[in-house]
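**Student:** everything below, folded, please.
(4 chains)
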2 protein chains.
Amino acid sequence: MPANRQLPSESPVAPLACCTLDISPAEQQRLTAMFKALGNATRFAIVKYLVTHPGCITGDIVEILPITQATVSQHLKVLRAAGWIQGTIQGPATSYCLHTANIAWFRAKVDKIF
Amino acid sequence: MPANRQLPSESPVAPLACCTLDISPAEQQRLTAMFKALGNATRFAIVKYLVTHPGCITGDIVEILPITQATVSQHLKVLRAAGWIQGTIQGPATSYCLHTANIAWFRAKVDKIF
DNA sequence: TCCCTATATCGTAATAATACGATAATAGGT
DNA sequence: ACCTATTATCGTATTATTACGATATAGGGA
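**Tutor:** So this is what the prediction gives:
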């Protein structure tokens, strides 16, 4: 009878293979967080919108999506935490744009792995 | 009082913006499915292992991960459905490797968007 | 100071994802 | 036909995510 080995879904998983890729646990976690953040239709739509509308504010995004302001705000928080976007406070509003440095890092990592 | 507009999380989200990126709803769904699939530490570990161990069988993956065979099988199914990997039956076992064509498509799309 | 606008956060209900053990299915050998 | 090895699927408990309405926070006038 094996011990109960269920793990919380986001705990790091360390394979015991003899040869593995050159990715640190921290990088791996950062990568999966970025993948996970865009693995949602609403968040993908937000990022897609930001590509063509850099510098827009939260309200602009709320207008184009069929969800409430509270939910959009929550999604923006997730995208910011994952590193996809960057928000700068402008008066009472917050202006958002893509976090180009992090995105470049993401692409470089993906290119390196695959 | 606004109508209840909560949507199931994976339904396509169509922004009303004047100008959007050249991505069809189907492509968008395929992309988010691929992002979502790798947005999990266990599945990322599986794909990472397959990079260095192409052609390995399910049992090999089960051995290097601290989870049961049933769970690994489930994750492999998700990765296959998303298009990251490809399985070929070899006797009673199934040999897995990366789905290079789909991965190339993914990278091309990401490169195009960002 | 008192509003108005814009965002963020809280609490919560409903849904989805993840993991398990148990069991079914499939291929190959005896 | 039977047994073994390998993988897939089923049913289910637990946890995580997503969405909402309500409320709090912060900036900029009047």
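**Student:** okay, the nearest residue to A:Gly83 once chain neighbours are set aside: pLDDT?
**Tutor:** Counting by C-beta to C-beta, 6 or more residues apart in numbering or on different chains, A:Asn102 is the residue found nearest to A:Gly83 once chain neighbours are left out, at 3.7 Å. Heads up, the C-betas are built off the backbone N, CA and C, glycines and all. Note for A:Asn102: predicted pLDDT of 98.
**Student:** so what's the residue count around A:Asn102?
**Tutor:** 16 (other C-beta atoms under 10 Å in any protein chain shown).
**Student:** could you list every helix and strand in contact with the host helix or strand of it?
**Tutor:** According to DSSP states H and E, A:Asn102 maps onto helix A:100-113. With contacts taken as 3 or more C-beta pairs under 8 Å, 6 or more residues apart in numbering or on different chains; DSSP states H and E, helix A:100-113 sits against helix A:25-38, helix B:100-113.
**Student:** need those in CSV (columns: distance to B:Thr20).
**Tutor:** Below are the helices and strands packed on helix A:100-113 laid out as CSV (distance: least, C-beta to C-beta, whole Å):
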stretch, distance to B:Thr20
helix A:25-38, 16
helix B:100-113, 11
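**Student:** save these as CSV, and put in distance to DNA strand C too.
**Tutor:** Below are the helices and strands packed on helix A:100-113 laid out as CSV (distance: least, C-beta to the nearest atom of the strand, whole Å):
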stretch, distance to DNA strand C
helix A:25-38, 8
helix B:100-113, 18
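**Student:** is stretch A:20-37 in proximity to chain B?
**Tutor:** Yes: against chain B, stretch A:20-37 shows contacts by C-beta under 8 Å from any C-beta of the partner chain at A:Thr20, A:Leu21, A:Ile23, A:Gln28, A:Gln29, A:Leu31, A:Thr32, A:Ala33, A:Phe35, A:Lys36, A:Ala37.
**Student:** residues in contact with that stretch: which ones?
**Tutor:** The contact list for stretch A:20-37 (C-beta atoms under 8 Å, 6 or more residues apart in numbering or on different chains) reads A:12, A:14, A:43, A:78-79, A:81-84, A:102, A:106, A:109-110, A:113, B:35-41, B:44, B:48-49, B:51-52.
**Student:** quick one: buried residues of stretch A:42-54?
**Tutor:** The neighbour-count criterion (16 or more other C-beta atoms under 10 Å in any protein chain shown) identifies A:Thr42, A:Arg43, A:Phe44, A:Ala45, A:Ile46, A:Val47, A:Lys48, A:Tyr49, A:Leu50, A:His53 as the buried residues of stretch A:42-54.
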